[in-house]
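Participant: When you get a sec, could you give me coordinates for this:
(chains A and B)
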Amino acid sequence: MADLSINMCGIESPNPFWLASGPPSNCGEQVMRAFDAGWGGAVWKTLGEPIVNVSSRLGSIDYEGNRMSGLNNIELITDRPLKTNFEEIYEVKKRYPKHAVVVSLMVNSREDWREIIQRSEDAGADGLELNFGCPHGMCERGMGSSVGQEPDVLSRITSWAKEFATVPVLIKLTPNVGDILVPGVAAVEGGADGLSLINTIKSIIGVDLEKLVPLPSVRDKSTNGGYCGPAVKPIALHMVGALARDPRINIPISGIGGIGNWRDAAEFIALGATSVQVCTAVMHYGYRIVEDMIDGLSNYLDDMNLSSVSDLVAKAIPHYTDWGNLDLNYKVIADIDAEKCIGCQLCYIACLDGAHQCIHTRQSPCSAFHGTSDHGMNPRIKVQTPVTHSQKSRVPEYVPFVDDAECVGCNLCHLVCPVPGCITMVDSSTGSESGSWNERLSKMEK
Amino acid sequence: MTTPLESRFQDAKPLYSESEARIEANRCLYCYDAPCVKACPVGIDIPGFIQQIASRNIRGAAKTILQVNPLGLSTSRVCPVEELCAGACVYHQHDSRPINIGRLQRYATEQALHWEMSSGKTLFTPEITGDRKVALIGAGPASISCAAYLAMAGVHPVIFEKDDKPGGLVTTGIAPYKLQSLDAVAEIEWLVRLGIEIRTGVTIGSDVTVDQLLTEYDALFVGTGLGKDTFPGIDGETETGVWGATELIRRIKADDHFQLPDDLNRVIIIGGGNTAIDIAHELALLGVPQVDIIYRRTVAEMPGYQHELVAARKSGVRMIEKAKPLSISRTSDGDLALNAEHTTSGEQIQFTADWIVMAIGQAKVAGRLIPQIETDNKGLVIVDPLTRRSSHPKIYAGGDCINGGKEVVNAVADGREAAFAMLKEFEKNGSRNG
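Facilitator: Residues are numbered from 1 along each chain as shown, chains lettered A, B, ... in the order given. Prediction:
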């Protein structure tokens, strides 16, 4: 069985699964229950000058019946006294010495940073995470994302923290920037030991169409919040990968954003994360989800013949490159398995209206097949009986067929097909010579 | 007892709650050129209205349904969806449960009915009524559908119904666990608001003649349905306790004073169609201890739907195959006895029963009622398959009187096509006075 333990810039943890700073890590009792469930670490709900929260605070996107595909919040940092928090951190560390307890912090002045870092370390924190990410509320007071969006300020506060801290300092980045490398590099320059990202994305989750008040509503008003959950995962994966592949970023990354199972976690790790943090999925289903995350990741590492999590870190980075380096001579085309086809024709209409008009049906509105020089409603190939039809097909009259000569290999049909394995993209490259845009450019220059 | 027996039945497929409807709507794959639409006799844009439910545009969903099927509410409850739309659902190919199209359709249309009744608003606005008028004979689904389209186009439809309640078989013939009379009548009252006039208690021939109608109206639609239950013509079939199936169903649904005798222990149903299965199922659900369907061929050859038979058998109905009725007599105890013959062995068998119910067909009445139109050798009105126009240029027909007894939804399609054909004809001929 693979070794799941990690060492993230000096913070040790029995597995890479940490609670992200948020409601699930609000108090000691919760964090202890999370550790009992199997979580390897927790980033404590951000500490700072206690605030007053509003109600309600959360809004979500339901997509085609799936609840909470995306979650938005306007909750601020801890609303409990600092003293209580530190007492609980102390208690947790005493009872769970092998688990990672990282304390998220957000204050204003240099003196405040000095004091809160001291108190965190006194309570037993294994690490600190400076919250430069929240895009709602706190940023209006000059904290959170307003720091993360100013590289100079970010760098300066990071260097203060490094000056005061003896434990590792992670910088939590906001995705609400044009280029994530700018704050990433600024954090490195300030002396950060690690990066955590992404924090939430500035958002309005929706509008109550009866009251015409944005959501979540606080009496008759609302404000922009922070967006997270499964919907933000691709944005987070990109930002983690962009940092991981940049040579200037030479510190470990804790990946955050839409992680709900071991697959999500493995993807973040493959793109450069050392630990992963989870919040929304726990808010949705509870701490218990970690059981399968541990089991699934372990099985996956075994299947991949990787002996530890660290062997997976950044394994996909060599395969993440600029568009200009992609092979223009590589060609896949869609292949429809007539035996698996259920006849919904979603691939047909998607290709016809949303792609390149390369999939046709027996009922296609072309009365006569004829060759044309461009994409169109009529298949270019002459077929009396659609080529992929099989005697074994359950719905022969409904099985669409692919005009191989016209298919551009975009993948849309494969994505819309509701039947796993029915549409596959088959390599149809001719010759093995590779040729990217950049290679073409350099040849032209010569 | 002031309510009919049918009020004792529970709804087999109750109205969805909002969340049930949304969950089911979200399962729909939204197929293109969908098989369910092709399987629907009226061609409802099923994926379209289901998407509208999913987006919570319920009135839009109802409109999508009702514009091609004015009886979208009752058909949602009585259509054999297992044989039609849901039977064609691609989920069958995916080894999954098909979409509950009927229940989603009921949800949308019933919500629309409630919305109209509570808001006083309407989904559809009929054209201003002009000087054209059409007479329709029989207030069943074919005529109601035809009248709805005529009213929408500004033609004044007048329906003549011999009964005291409108609806025809929708009111008096649907199994009560699917649709009860009160609901059927409520739907018709809803549709009447489009500008349909219904005159009940009118007998064609004595109260008004067909010639009168042909003179006074621009066109005539025949939606008479079928007549009384036919009997096999065997000895003893007039004995007390021998019923016609549709008559018995009508009593259960619409006769406030009809009761089953306390000592009704065994009923034999003769027939193999859906009417036979329906009455057997209804009697079993009403608590008759032993209900047997006797059919002259095998179960596999029964014209009734297998899913209905399966449901009836689950309620306790038994099937006796390959038995051909020969005669009915009385035993010495005074019970009815059905004397039958095994169709392959020729063996004589006697079944005793308290009641015997004939479900072998119904009389064809349209030709006798309206001698101006031609009928085929089975007594069915001959119509053009596209326009539903009969041999008489001003007379159109639809529903059971042309097809011998199909689904409500087929009658709706006939009424709609006839209305469109009439409107086309009116347009061709210009204004009535012009």
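Participant: Can you pull out the low-pLDDT segments for the chain?
Facilitator: Defaulting to chain A. A:364-392 (pLDDT under 70).
Participant: Chain B is the one I meant
Facilitator: Using pLDDT under 70, chain B drops low at B:1, B:431-434.
Participant: What parts of it come near chain A?
Facilitator: For chain B, the contact set with chain A under C-beta under 8 Å from any C-beta of the partner chain comprises B:22-23, B:26-27, B:29-35, B:54, B:90-91, B:93-94. From N, CA and C alone the C-beta is placed, and that goes for glycine too.
Participant: Beta-bridge partners for residue 197, please?
Facilitator: Using chain A here. A:Gly255 (DSSP bridges).
Participant: ah, I was thinking of chain B
Facilitator: According to DSSP bridges, beta-bridge pairing links B:Glu197 with B:Val158.
Participant: burial measure for residue 307, as a count.
Facilitator: You didn't pick a chain, so chain A it is. Counted with other C-beta atoms under 10 Å in any protein chain shown, the neighbours of A:Ser307 add up to 12.
Participant: Chain B is the one I meant
Facilitator: 14.
Participant: how far away is B:Ile144 from B:Val134?
Facilitator: 13 Å (C-beta to C-beta, to the nearest Å).
Participant: Output the set of residues of the stretch 1-150 of chain A in proximity to chain B.
Facilitator: Going by C-beta under 8 Å from any C-beta, the residues of the stretch 1-150 of chain A near chain B are A:Glu64, A:Gly65.
Participant: switch to 10 Å and redo it
Facilitator: A:Asp62, A:Tyr63, A:Glu64, A:Gly65, A:Asn66 (C-beta under 10 Å from any C-beta of the partner chain).
Participant: quick one, phi psi at the spatially closest residue to A:Trp437 that is not a sequence neighbour?
Facilitator: Leaving out its chain neighbours, the residue that sits closest to A:Trp437 by C-beta to C-beta, 6 or more residues apart in numbering or on different chains is A:Gly324, at 4.6 Å. Main-chain dihedrals, A:Gly324, degrees, to the nearest 10: phi -60, psi -10.
Participant: Correct me if wrong: A:Gly324 contacts A:Gly435.
Facilitator: No. Applying C-beta atoms under 10 Å, one finds A:Gly324 not in contact with A:Gly435, separated by 11.5 Å.
Participant: pretty sure A:Ala42 belongs to a helix, no?
Facilitator: No. Counting by DSSP: H, G, I helix; E, B strand; the rest coil, A:Ala42 is not found in a helix; it is strand.
Participant: if I pick the nearest residue to it once chain neighbours are set aside, what's in contact with it?
Facilitator: Excluding its sequence neighbours, the residue lying closest to A:Ala42 (C-beta to C-beta, 6+ apart) is A:Leu19, at 4.1 Å. When contacts are counted by C-beta atoms under 10 Å, 6 or more residues apart in numbering or on different chains, A:Leu19 touches A:25-26, A:30-31, A:34-35, A:39-45, A:102, A:277-279, A:282, A:287, A:290.
Participant: Can I get the buried ones among those residues as something I can paste into PyMOL?
Facilitator: This is the PyMOL syntax for the buried subset of the contacts of A:Leu19, where burial follows 16 or more other C-beta atoms under 10 Å in any protein chain shown:
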select buried, chain A and resi 25+26+30+31+34+35+39+40+41+42+43+44+45+102+277+278+279+282+287+290
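Participant: Give me the subset of the contacts of A:Leu19 lying in helices.
Facilitator: A:Gln30, A:Val31, A:Ala34, A:Phe35, A:Val282, A:Val290 (DSSP state H).
Participant: mind giving me TSV with these and columns for distance to B:Cys40?
Facilitator: Output for the ones in helices among the contacts of A:Leu19, formatted as TSV (distance: C-beta to C-beta, whole Å):
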residue	distance to B:Cys40
A:Gln30	54
A:Val31	57
A:Ala34	53
A:Phe35	57
A:Val282	46
A:Val290	48
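Participant: related to what we said a few turns ago, for the residue nearest to A:Ala42, list each beta-bridge partner.
Facilitator: A:Ala42, A:Val278.
Participant: quick one, phi/psi of B:Arg330?
Facilitator: Dihedral angles (degrees, to the nearest 10) for B:Arg330: phi -110, psi 140.
Participant: I figured it hits B:Ala337, correct?
Facilitator: Yes. The pair B:Arg330 / B:Ala337 is scored as a contact, 6.7 Å apart, by C-beta under 10 Å.
Participant: Please enumerate the shared neighbours of these two.
Facilitator: B:Gly236, B:Glu239, B:Thr352.
Participant: and the residue of the stretch 101-250 of chain B found nearest chain A, what does it touch?
Facilitator: Using C-beta to the nearest C-beta, B:Leu104 is the residue of the stretch 101-250 of chain B that sits closest to chain A, at 13.5 Å. B:Leu104 makes contact with B:16, B:20-22, B:24-25, B:27-28, B:46, B:49-50, B:52-54, B:61, B:65, B:76 under the criterion C-beta under 10 Å, 6+ apart.
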